[in-house]
Every structure is written in C-alpha cells, then in structure tokens.
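Participant: Quick check, what structure comes out for this input:
(4 chains)
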2 protein chains.
Amino acid sequence: MPSTTARAVTPIPRTTLTESAFEQLISYVVKGSWKPGDRIPPERELCQQLGIARTSLREALKAMELVGMLDSRVGDGTFVCARSEFLSRPLLWAFTGTDHAELRDIMEARMLLEQDLAGLAAERATPGEVDKIGDAVRMMRASIDSGVSILDADMAFHLAVAEGAHNEVLRNAVQLLRNLMRQWIYLKLLIPDVPAQVLRRHEAIYGAIRRRDSEAARKAMWKHLNETAMLVTQMVEQNSGSKKKPRRSKE
Amino acid sequence: MPSTTARAVTPIPRTTLTESAFEQLISYVVKGSWKPGDRIPPERELCQQLGIARTSLREALKAMELVGMLDSRVGDGTFVCARSEFLSRPLLWAFTGTDHAELRDIMEARMLLEQDLAGLAAERATPGEVDKIGDAVRMMRASIDSGVSILDADMAFHLAVAEGAHNEVLRNAVQLLRNLMRQWIYLKLLIPDVPAQVLRRHEAIYGAIRRRDSEAARKAMWKHLNETAMLVTQMVEQNSGSKKKPRRSKE
DNA sequence: TTGACATAGTGGTCAGACCAATATACCATC
DNA sequence: GATGGTATATTGGTCTGACCACTATGTCAA
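Facilitator: Okay, here's the model as predicted:
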C-alpha cells in the first residue's frame, strides 16, 4: 500500500453477517446473558430476531459449537456449555501437541497471567472469595483422600483465584489458556504423587492470599505452574521422542 | 440413565457432516498439507471433493475462519493463516466479552502483560531486536521534531518490545489489547506534552532492556502504562461526566 | 501510462424443500 | 404401574438453486 503524501487513510473494515452474528452471540455467552445449561432460542426464531437467513446464522452457531461453546441436539435444541469446555475440544488442542514452541508459549503465558492473578487476588479478594479459594483446597484434599480425580478441584481452585483478582479480561483469557491445555493437565494429574504435590502448592498459594501477601502469592503460583510446565514438557518429549530444541534467542 | 444388570452398553457416537469436514480440514492444517499462506481449493470444488453440499462445507470453513485458521477473501479465495494467528480470535473473545468495567480491566490487563513482555525482552531480545527497539525510539524522536503524529512510532516501539520477548501468545494478546484501546491511545497522543513524556518513558524502557535489566524494564513499562491509564481514565470521565465508581472489592 | 469496461471466478446470502432425530402425548396391553 | 407402540410437533441437519457482492485479470481506447 503506497503511502500518501497528504493525510493517511485507513482501510474500511469489511465484515460478514456470519461474523457479526458470531460476535453478538458470543457476547451473550461471555457476558452471561446465556448461562451454562441454558437453551438458546431455536434457529428459525433466532434468525428472525437477528434479521438474517437461517444459513448465515447456522454458520455462526456451528462455529460456536465446534469450539465447544454450544451443544446442539436434534429435536431438543441448542444449549450453552460450561466455560471449561470452550476451546477444550480434542481437535483444537491437537495444535499444542504438534508444535512444542507453541505449547511452551501457552504455558509461559499462563504462568505469567496466573502469577499476576494470584498477586491481585491477595490484594483484592473479598473474605467470601478467600473462603472460596479455601473451599477448593479442602475439596482437593477430600478428593485425594477418597481416591477420585482432582481435576475438578484443580479447576475450581484456579477459577476461584482468578475471580478474586477482579479482572474479567485476565480471568477469561487464562480460562481459555487452561482449556487449551486440558489434555495435558489431565495427564499430569494421573502421575503418582502429583496430586499430593499440587495440593501442597495450592495450600501455599491459598496461605499467601489469606495473609494478603501479594508477592508470596505470585512466587507460589509461579513455582506451581513452573513444575507443571516441566512435567508437561517431559510428557511431550516422551510422546514425540523429539530432540530438545533451543528455545530462546532466535539468532 | 439406568444401569443394566448385564453388560454395560456404550452410547453410539453421533456426528454431523459439518463436524467431520471440520476435522478433516483441520488435519490438513495440523499435518502441514496446507501451509500458512496456501490458498485452499474453492468452495464449489472442495465440496465436490468431500462429497457434501456447499452449505455444510461452509459451516466447517466458517468455523475454521472464526478461530483464526483461515482467511477468506471474496473474489480471491481462502488462505491458511500463520500459526500465530490461531489463538488471536479466541483471545479476542475473552477480551471483548465483558461489560462496564471493561476499559479498566483492559488497561490493567495491558499493563500486566506489557510489563511481563518488557521484562522478557530484557532477558531474551537478540542484539538485532534491541536495535529495532532503539530504532522505534529514534523514530519517535524524529516524529516529535518534525511535528507529525507519534502514533506509528508508538506502535512500532511496543511491537518491537513484544517481539523481543519471544512469546507469540503474549505478543498476540497485547496486540489485541492495544487494538481495543486504539481510539484512546490516539486521543492521548493529541494532548500537548504527552508525546515528549512518552518518548522519555520509551527511552527509559529501552535503556533497561539494553542493559538487560529485567526488573528495571518491568518497572519502567509499568510506570509508562500507569500514566496512560490515568490519562485515559480522565478522558473517559470528561467524556461522560460520570461519577467515579469504586473498582475493587465487590462487597 | 492511465482509465474504463467486460468477464470470470470466488466467497456471501437467501429461500425453500426435505430429511433425521428427539420430545411429548396418548393409548393399549399386561 | 410399567412397558411398548404410534402419532405429532419441534428442532437441528442437509441439500439445491438462485442471486448478490467483490476481486482479479484481461482488453481496449485515449
């Protein structure tokens, strides 16, 4: 695009009806108008409400379904999924298994974001929210004692910390990153001794948050997720038998 | 679902043509048959190859487009995106799906992310990348001296820092956040004396990165963006004349 | 060289028809 | 009351064909 000598001009944005519908429908989900478990209006009704053809609407709905936000059932309707389902479809995290640099970037991004969230939670969480973090810790202890998977308790803990940070944008972002890593998190928690270690890390994070010690919360969360990253890296390498590639400094 | 007394039965999996097509097309991308920049076959041809109706294919293609894997251009064709784009769209949902406290959350998220990026750039940027950051600082000095907008130089600086951090996920995320704030950044830079101040802040960040002082880079970036957040908050309040709302502690 | 015009190709949108699956209601039989 | 069968309405799934909107490319005239 040649530069003009006068005033710079900006391209006119193009969009499609499908994309507009997609964005509008997503905002219903993310903003909470449509809650997990809700049944959204039938296609024939929704396309009239939106003033577009049913085909265009289906394109948007199908996209939302394929990324895990919606679940459509013939004869019944279309339902909103839990947030933990978004982006957690096996197909989508096929990427994280094939490009190790990408997986590392995701893990690192998650470490940085969750560290920030832990620090903010220590500063901002209400007493009720701190209790909720504690509940998740106790839930994990109970899960370990009764021999069931700690996956749900793990999710609940991280979510409660993110809630306590009072930043919707970061909370949503880190949730998506977690969802992308869902397979790896699941596999990690199957390793003997890992659940007990995870519990200890969560206890340390919870303790720092309760004491309102932001820096300690950050450090504890970083330590926890760094261990996760190392375990996942090992799993990935065992999976692919590939050589360890230098990560930093492109030169 | 009542349990049977005999042998447990498993549900018969249901699928749709759209989902099958989605899976097959994604595997072309994942496995590298379709590389970034490649133009995939036209819809009318591809639907024949797959043996499905064009509408069903479009649903799959649209989904891939909306998660950032494909880019379709009317009259031209549909192209495979760079890998680094794949997470951009989903992150955008996280960033834009929130309501009234949105701008503040976005600004804070940006501060936290860019702080992290500055710290990482100090550790990881190649000499060439450090030079590029310096170029952006010199570009801004030249823009101020010749009285033109520093918008481009501002963008170039932040982008160069993000590049030096070597984390694609965070780089994408911060680009998206900057885009969301584009209007406010533009208005901020119109305020007298702000460009000179921005230049000083950029110089401090650049200096810290050049010295490889990660902590100083973080602090300098935080200071810079905190000032931005305050200016933008003032602008927002002047715009709306609204009362300042308590931000923290939901109780 | 530039501008105008025509054409072909590609994605975007729509409408309508029909199919497949499910939920629900009702009835008969044991 | 429980089970099975049938009918109906509803919902999502698929297909077809038509047409529109935009872009790339080629040709021709000034």
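
Participant: Only C-alpha atoms from now on, for both contacts and neighbour counts.
Facilitator: OK.

Participant: which residues touch residue A:206?
Facilitator: A:130, A:133, A:134, A:137, A:217 (C-alpha atoms under 8 Å, 6 or more residues apart in numbering or on different chains).

Participant: Max pairwise distance over those residues: which two?
Facilitator: Greatest spatial distance in those: A:137 and A:217, 14.8 Å, computed using C-alpha to C-alpha.

Participant: Between the two, which is the more surrounded one?
Facilitator: Between residue A:137 and residue A:217, residue A:217 has the larger neighbour count (other C-alpha atoms under 10 Å in any protein chain shown), namely 28 against 24.

Participant: how far out from the middle of the chain is the strand or helix carrying residue A:60?
Facilitator: Mapping residue A:60 onto the secondary structure by DSSP states H and E places it in helix A:54-66. For helix A:54-66, the separation from the chain centroid amounts to 22 Å (computed by C-alpha atoms, centre = their mean, to the nearest Å).

Participant: Likewise for stretch A:165-185?
Facilitator: 3 Å.

Participant: now do stretch A:184-193
Facilitator: Using C-alpha atoms, centre = their mean, we find the averaged C-alpha position of stretch A:184-193 to lie 18 Å away from the chain's own average C-alpha position.

Participant: Which positions in the stretch 1-150 of chain A make contact with chain B?
Facilitator: Counting by C-alpha under 8 Å from any C-alpha of the partner chain, the stretch 1-150 of chain A comes close to chain B at A:19, A:26-27, A:30-31, A:55, A:58-60, A:62-64, A:66, A:91, A:94-95, A:98, A:102, A:105-106, A:108-109, A:112-113, A:116, A:124-126.

Participant: Report the entries of those residues that also contact DNA strand C.
Facilitator: residue A:55 (C-alpha under 7 Å from any atom of the strand).

Participant: quick one on the thing from earlier: redo the contacts of residue A:206 as JSON lines? Include pLDDT and secondary structure.
Facilitator: Output for the contacts of residue A:206, formatted as JSON lines (pLDDT from 0 to 100; DSSP: H, G, I helix; E, B strand; the rest coil):
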{"residue": "A:130", "pLDDT": "97", "secondary structure": "helix"}
{"residue": "A:133", "pLDDT": "97", "secondary structure": "helix"}
{"residue": "A:134", "pLDDT": "97", "secondary structure": "helix"}
{"residue": "A:137", "pLDDT": "97", "secondary structure": "helix"}
{"residue": "A:217", "pLDDT": "98", "secondary structure": "helix"}
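
Participant: okay if I get those as JSON lines plus distance to DNA strand C?
Facilitator: Formatted as JSON lines, the entries for those read as follows, by distance: C-alpha to the nearest atom of the strand, whole Å:
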{"residue": "A:130", "distance to DNA strand C": "40"}
{"residue": "A:133", "distance to DNA strand C": "36"}
{"residue": "A:134", "distance to DNA strand C": "38"}
{"residue": "A:137", "distance to DNA strand C": "36"}
{"residue": "A:217", "distance to DNA strand C": "46"}
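
Participant: hang on, the earlier thing: between the helix holding residue A:60 and helix B:54-66, how big is the angle?
Facilitator: Orientation note: helix A:54-66 sits at an angle of 50 degrees relative to helix B:54-66 (axes from the mean of the first three to the mean of the last three C-alpha atoms, to 10 degrees).

Participant: Tell me the first helix or strand C-terminal of helix A:54-66.
Facilitator: Next in sequence after helix A:54-66, counting helices and strands by DSSP H and E, comes strand A:70-73.

Participant: separation between the closest residue to residue A:130 other than its chain neighbours and chain B?
Facilitator: The shortest distance from residue A:130 to any non-neighbouring residue, by C-alpha to C-alpha, 6 or more residues apart in numbering or on different chains, is to residue A:210 (6.5 Å). With distances defined as C-alpha to the nearest C-alpha, to the nearest Å, the gap from residue A:210 to chain B amounts to 15 Å.

Participant: Wait, residue A:210 touches residue A:128, no?
Facilitator: No: the pair residue A:210 and residue A:128 does not pass the contact test of C-alpha atoms under 8 Å, sitting 11.1 Å apart.

Participant: what about whatever residue of chain A ends up closest to chain B, how many neighbours?
Facilitator: Across chain A, no residue is closer to chain B than residue A:63, which sits at 4.0 Å (C-alpha to the nearest C-alpha). Counted with other C-alpha under 10 Å, the burial measure for residue A:63 works out to 28 neighbours.

Participant: just residue A:50 next, same as before
Facilitator: Under the neighbour criterion other C-alpha under 10 Å, residue A:50 is assigned a count of 13.
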